[in-house]
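**Student:** the following comprises the amino acid sequence and a computationally predicted model.
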Amino acid sequence: MGIVLFSIVQDLQRSFLMQKQQAGIVGGLIAGVLTSVVMLAGRKSGMLTKTLDRDAVDWIDEVADSREKIGDAGTTALEFVNHLGASAAFGAAWPALRERVPGLSPLALGTLYGTALYAVNIGAIAPVLGITEGEIQAGPRKAGERWAIHVLQAVATGLIAERLSAGSRHG
């Protein structure tokens with residue numbers, strides 16, 4: 001009887017965690033669409049410089065000659081799918097972060113998470129791969145825009161994930 005009860009409790013815990021995990025992934029996907037819209041609108045309005053998504057499109061083209069093969073729209077679509085995949089992956093990590101710091105607001109945790117994502121992805125990985133020129137060379141405005149978009153992404157992910165899993169302990 002004790003083993004059966006223990007098994008049922010484990011299944012419920014896995015289900016509970018899966019619900020939070022799904023909420024994090026969905027939150028990440030929605031935040032990915034939101035940040036794409038913000039980058040497009042910011043670029044079109046002149047409020048933002050050349051945004052990271054355009055740097056990524058250029059990089060994909062340099063690596064795979066994609067504009068020649070599938071055009072600019074196809075290369076942009078490919079980058080968008082990549083962006084959504086990364087957004088879902090980053091969202092999937094939200095529940096683990098929330099478990100570690102349950103008392104921190106989603107705004108504060110999202111700001112810290114977005115800053116960490118920016119530091120790792122844009123400060124370290126992107127320049128090594130040649131996606132970006134490096135944040136010192138980019139200058140304070142472009143670096144600030146990239147940081148702000150990462151913070152927006154993580155804060156939106158957290159707020160959405162917590163709203164979607166509102167019935168769960170710690171969102």
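**Tutor:** Thanks, I have the structure now.
**Student:** quick one: the helices in the chain?
**Tutor:** With DSSP state H as the criterion, the chain has helices at 2-45, 52-64, 66-92, 94-100, 106-117, 126-129, 135-164.
**Student:** could those helices be laid out in CSV, adding mean neighbour count and mean pLDDT?
**Tutor:** C-beta coordinates here come from the backbone N, C-alpha and C atoms, glycine included. Formatted as CSV, the helices of the chain follow (neighbours: other C-beta atoms under 10 Å; pLDDT from 0 to 100):
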stretch, mean neighbour count, mean pLDDT
helix 2-45, 15, 82
helix 52-64, 18, 94
helix 66-92, 16, 96
helix 94-100, 19, 95
helix 106-117, 19, 98
helix 126-129, 14, 94
helix 135-164, 20, 96
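**Student:** show me what contacts Gln22?
**Tutor:** Applying C-beta atoms under 8 Å, 6 or more residues apart in numbering, we find Gln22 in contact with Leu164.
**Student:** go with 7 Å
**Tutor:** Under the criterion of C-beta atoms under 7 Å, 6 or more residues apart in numbering, Gln22 has no contact partners.
**Student:** for it, give its distance to Ala41.
**Tutor:** 29 Å (C-beta to C-beta, to the nearest Å).
**Student:** same question, Val26
**Tutor:** 23 Å.
**Student:** repeat that for Arg67.
**Tutor:** With C-beta to C-beta as the criterion, Arg67 and Ala41 are 23 Å apart.
**Student:** ditto for Val81
**Tutor:** 20 Å.
**Student:** dump the residue contacts of the residue most central in space within the chain.
**Tutor:** Nearest residue to the geometric centre of the chain (C-alpha atoms, centre = their mean): Ser87, 3.4 Å. By C-beta under 7 Å, 6+ apart, the residues touching Ser87 are 28-29, 31-32, 153.
**Student:** phi, psi for Trp130 please.
**Tutor:** To be clear, residue 130 is Gly; Trp isn't right here. phi 90, psi 10 (degrees, to the nearest 10).
**Student:** what about it, how many neighbours?
**Tutor:** Here the count is done by other C-beta atoms under 10 Å, and Gly130 has 12 residues near it.
**Student:** just checking, it touches Trp59?
**Tutor:** Yes: with contact defined as C-beta atoms under 7 Å, Gly130 counts as touching Trp59 (6.3 Å).
**Student:** give me phi/psi at the residue lying closest to Arg43 once chain neighbours are set aside?
**Tutor:** In this structure, Arg43 finds its nearest non-sequential neighbour in Thr51, 5.3 Å apart by C-beta to C-beta, 6 or more residues apart in numbering. Per-residue torsions, Thr51: phi -80, psi 160 (degrees, to the nearest 10).
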